[in-house]
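Have a look at this fold, sequence not included:
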């Protein structure tokens with residue numbers, strides 16, 4: 001599982017972005033300023049795979065952080081910038097940033113950019129497995145019995161959530177919360193039923209008697225013992 005260091009002082013962005021990226025299979029550590037970021041990197045830079053870095057920080061600024069990160073480590077950096085702020089983009093790239101994405105950003109685009117950079121740096125593949133199902137969370141691919149299968153974005157996110165919570169009973173309300181896209185796409189109870197059915201049809205040997213995603217009557221669903 002790729003570990004991302006998020007450097008951002010907007011609490012709502014930190015909360016929403018952390019939840020979204022965790023659902024996509026990433027591990028997230030968040031700090032709100034320059035000093036905290038650099039202190040973490042001095043202690044344990046090797047535990048991180050990529051840095052998401054806001055340009056504007058209450059404590060210092062993203063440019064100083066990027067300069068220090070590139071001097072201390074070989075970690076990739078993606079800048080989060082205000083929409084249309086050409087100066088920030090150019091300055092960040094000149095300092096060695098690997099990419100940038102403008103706010104407000106599209107979540108799926110951000111995940112794609114993160115995965116592209118992780119592949120470029122040869123970071124370890126994030127493999128999640130249960131029985132005959134495996135997910136490469138960096139490449140965004142799913143295999144059943146070593147053969148690739150194709151899921152919609154919502155089916156993929158649902159499967160990732162089950163894989164990251166193996167052995168835990170997940171209520172329908174918890175699953176609905178997990179599938180709520182931070183871009184504002186609402187997922188209702190009927191939609192959840194449809195997508196669990198579709199996911200089972202793709203990953204189960206017998207969708208009518210599921211062995212991977214089990215129904216726990218009156219409580220919700222569970223993957224794993």
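Structure's in. What do you need? What you see is a predicted model; the values in this text were computed from it and never measured.

Break down this protein into its strands, ranges please.
Under the criterion DSSP state E, strands of the chain are mapped to 3-7, 27-31, 50-54, 77-82, 99-103, 127-130, 133-136, 141-144, 147-149, 213-216, 220-223.

Now tabulate those in TSV and tack on mean neighbour count, distance to residue 160 and mean pLDDT.
Quick note: C-beta positions are derived from backbone N, CA and C, even for glycine. Converted to TSV, the strands of the chain look like this (neighbours: other CB atoms under 10 Å; distance: least, CB to CB, whole Å; pLDDT from 0 to 100):
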stretch	mean neighbour count	distance to residue 160	mean pLDDT
strand 3-7	22	15	94
strand 27-31	18	13	93
strand 50-54	23	18	94
strand 77-82	22	21	88
strand 99-103	17	21	87
strand 127-130	15	7	84
strand 133-136	19	6	90
strand 141-144	17	9	93
strand 147-149	10	14	95
strand 213-216	14	13	96
strand 220-223	20	11	95
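
Can you list the low-confidence ranges for this structure?
Where the chain drops to pLDDT under 70, the residues are 83-84, 124-126, 181-186.

switch the cut-off to 80
Along the chain, the parts satisfying pLDDT under 80 run over 1, 25, 58, 82-88, 107-108, 122-127, 137-139, 178-187, 225.

per-domain residue ranges of it.
As assigned by automatic domain parsing, the chain contains the domains 3-120, 153-223.

so which of those is the most packed in?
Most buried of these, by mean neighbour count (mean count of other CB atoms under 10 Å): domain 3-120, with a mean of 17.

Could you give the bridge partners of residue 78?
Bridge pairing for residue 78 (DSSP bridges) gives the partners residue 52, residue 99.

Any figure for the gap between residue 127 and residue 143?
In this view, residue 127 and residue 143 are 10 Å apart by CB to CB, to the nearest Å.

can you list residues touching both of the two?
Shared contacts of residue 127 and residue 143, defined by CB atoms under 8 Å, 6 or more residues apart in numbering, comprise 134, 135, 136.

Relative to residue 193, which of the residues you listed is nearest.
Of all these, residue 193 sits closest to residue 135, with 22.4 Å by CB to CB.

Who's the closest spatial neighbour of the closest one, skipping the chain neighbours?
Leaving out its chain neighbours, the residue that sits closest to residue 135 by CB to CB, 6 or more residues apart in numbering is residue 128, at 4.6 Å.

quick one on the thing from earlier: tabulate the domains of the chain (a markdown table), appending distance to residue 147.
Formatted as a markdown table, these follow (distance: least, CB to CB, whole Å):
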| stretch | distance to residue 147 |
| --- | --- |
| domain 3-120 | 20 |
| domain 153-223 | 12 |
